[in-house]
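*Asks:* Could you look at this predicted model? Sequence included:
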Amino acid sequence: MEEGKNMHDLVIRNGKIVDGSGEKAFIGDIAIDKDRISKVGLVEEQGKEEIDAGGHLVTPGWVDIHTHYDGQVCWDSYLSPSCWHGVTTVVMGNCGVGFAPVKPGSEEFLIQLMEGVEDIPGTALHEGIDWGWETFPEYLDTIEKKELVMDVGAMVGHGPIRSYVMGYDRCQGKEDASDEEIEKMAEITEEAIKAGALGFSTSRTYLHTDKSGEYVPGTEASANEMRKIANTIADLGEGTLEIVSDWMDKDIELDWVKEFVEESDRTLTYAQTSGDPFSVWKYCEENFSKGVKIRPQYSGRPTGMLFSLESSVHPFIAHPSYSEIADKSL
């Protein structure tokens, strides 16, 4: 085919187009020039490259708001398996775990957090992560240099921040951070969001443990610590807060969550599967109707999980009687 002056770079023809507007699907063509969709409908001009999408759906790419590619992004430019399913944007750094900021010598601690919470093999993380950063802005710079097939956004996690400030030997458990340490955590959060982080994530569920079974940093962080970080996001006027919570003291937890959202006008999103889902959902639904931007994360279809006694999460994990025998041989 001879390339003409009015040719598009790419034309996708005869597909059943679902454009995301809410209108009914229709059969049509899509023209793309450089990195922009230039025409939707009937495209009479030819393309330098053409794809016959007859019999297929053509849709905008999916945005996966909850992933854990924080390590995989270092070695897998496709971010599989998301790329296999029409995903074109992923958000990582959820659940308070991630790999920045990191002090030299604490890399192993962050790997064990990720391995415990998400069952991502530590061997793969050890071999695949190049650790070319210390701060969160440096981590984003590293990602920016990767040739990825999709767009990537990242939250800054409570676990890495707390271990960076308090040390990995103190950041877990019931010890409260000092006022100076809380101030430093807030500063790191501010630095991360100014550099491009989408927000701050934290875990407050007893289901999230590191490889050795210790609760992840921030699980029992004080309300003062959480408010200071949340207020920092509010003062910036950008960024969101993502939380996974058992809603351990539901009234207190929901009160500060609601207070943060109302005062900051920022959005808070939480995993709908955790804690007391139905009463929390009802609470958030009632407040959402009043303009309070608390939004659950949930799947559009049922999902399953594979459990075993060697998994980091299974039905017995929260029972004290199991903890007493957990280290024994199977």
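*Replies:* Happy to help now that I have it.

*Asks:* wait, what's in contact with residue 268?
*Replies:* Residues near residue 268 by Cβ atoms under 8 Å, 6 or more residues apart in numbering: 240, 241, 242, 243, 257, 260, 261, 293, 294, 295. Yep, even glycine has a C-beta here, placed from its N, CA and C like the rest.

*Asks:* For residue 7, state which of those is nearest.
*Replies:* Residue 7 has its nearest neighbour among the contacts of residue 268 in residue 240, at 42.0 Å by Cβ to Cβ.

*Asks:* Centre of the chain to stretch 129-146, how far?
*Replies:* Its chain's C-alpha centre and that of stretch 129-146 lie 17 Å apart, by Cα atoms, centre = their mean, to the nearest Å.

*Asks:* how about the CA coordinates for that stretch, as CSV?
*Replies:* Provided in CSV are the C-alpha atoms of stretch 129-146 (Å, rounded to 0.1, in the frame of the first residue of the first chain):
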residue,chain,number,x,y,z
ILE,A,129,14.9,-5.3,41.7
ASP,A,130,18.0,-3.2,41.0
TRP,A,131,17.6,-0.8,44.0
GLY,A,132,18.8,2.3,42.1
TRP,A,133,17.1,4.7,44.5
GLU,A,134,16.7,5.7,48.2
THR,A,135,13.9,8.3,48.1
PHE,A,136,10.4,8.0,46.6
PRO,A,137,11.1,10.6,44.0
GLU,A,138,14.2,8.6,42.9
TYR,A,139,12.1,5.5,42.7
LEU,A,140,9.7,7.3,40.3
ASP,A,141,12.6,8.5,38.3
THR,A,142,13.8,4.9,37.9
ILE,A,143,10.3,3.8,36.7
GLU,A,144,10.2,6.8,34.3
LYS,A,145,13.3,5.4,32.5
LYS,A,146,11.7,2.0,32.0
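
*Asks:* pull the longest strand from the chain.
*Replies:* In the chain, taking DSSP state E as the definition, the longest strand is strand 8-17.

*Asks:* which among the contacts of residue 268 end up buried?
*Replies:* For the contacts of residue 268, a burial check counting by 16 or more other Cβ atoms under 10 Å picks out 240, 241, 242, 243, 257, 260, 261, 293, 294.

*Asks:* beta partners of the first one?
*Replies:* What that stands for is residue 240. With DSSP bridges as the criterion, residue 240 is bridged to residue 199.

*Asks:* Compute the distance between it and residue 132, please.
*Replies:* Look at residue 240 and residue 132: by Cβ to Cβ, to the nearest Å, they are 27 Å apart.

*Asks:* ok, now the last one?
*Replies:* Here the criterion is Cβ to Cβ. By it, residue 294 lies 37 Å from residue 132.

*Asks:* Helices of the stretch 51-200 of the chain, start to end?
*Replies:* 107-118, 122-128, 136-144, 158-166, 179-195 (DSSP state H, counting those that start in this stretch).

*Asks:* Please identify the deepest-packed of those.
*Replies:* Neighbour counts (mean count of other Cβ atoms under 10 Å) averaged over each of the helices of the stretch 51-200 of the chain peak at helix 158-166, with a mean of 26.

*Asks:* Between helix 179-195 and that one, find me the angle.
*Replies:* For helix 158-166 against helix 179-195, the angle by axes from the mean of the first three to the mean of the last three Cα atoms, to 10 degrees is 130 degrees.

*Asks:* what does helix 158-166 contact?
*Replies:* Contacts for helix 158-166 (Cβ under 8 Å, 6+ apart): 96-103, 106, 109-110, 113, 171, 175, 177, 181, 184-185, 188-189, 200-203, 216-218, 221, 229.

*Asks:* centre of the chain versus it, how much separation?
*Replies:* With Cα atoms, centre = their mean, you get 17 Å for helix 158-166.

*Asks:* Just the C-alphas of that helix, formatted as PDB.
*Replies:* Output of helix 158-166 as PDB, limited to C-alpha atoms (Å, rounded to 0.1, in the frame of the first residue of the first chain):
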ATOM      1  CA  HIS A 158       3.200   3.600  55.100                       C
ATOM      2  CA  GLY A 159       5.400   0.500  55.600                       C
ATOM      3  CA  PRO A 160       8.400   1.800  53.800                       C
ATOM      4  CA  ILE A 161       8.000   5.300  55.200                       C
ATOM      5  CA  ARG A 162       7.700   4.000  58.800                       C
ATOM      6  CA  SER A 163      10.700   1.700  58.500                       C
ATOM      7  CA  TYR A 164      12.700   4.500  56.900                       C
ATOM      8  CA  VAL A 165      12.000   6.900  59.800                       C
ATOM      9  CA  MET A 166      11.900   4.500  62.800                       C
END
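
*Asks:* Could you list every helix and strand that the helix or strand of the chain with the lowest mean pLDDT packs against?
*Replies:* In the chain, the helix or strand scored least confidently by mean pLDDT, DSSP states H and E is helix 250-264, which has a mean of 79. Packing contacts for helix 250-264, counted by 3 or more Cβ pairs under 8 Å, 6 or more residues apart in numbering; DSSP states H and E, involve helix 223-236, strand 240-245, strand 268-271, helix 277-288, strand 294-297.
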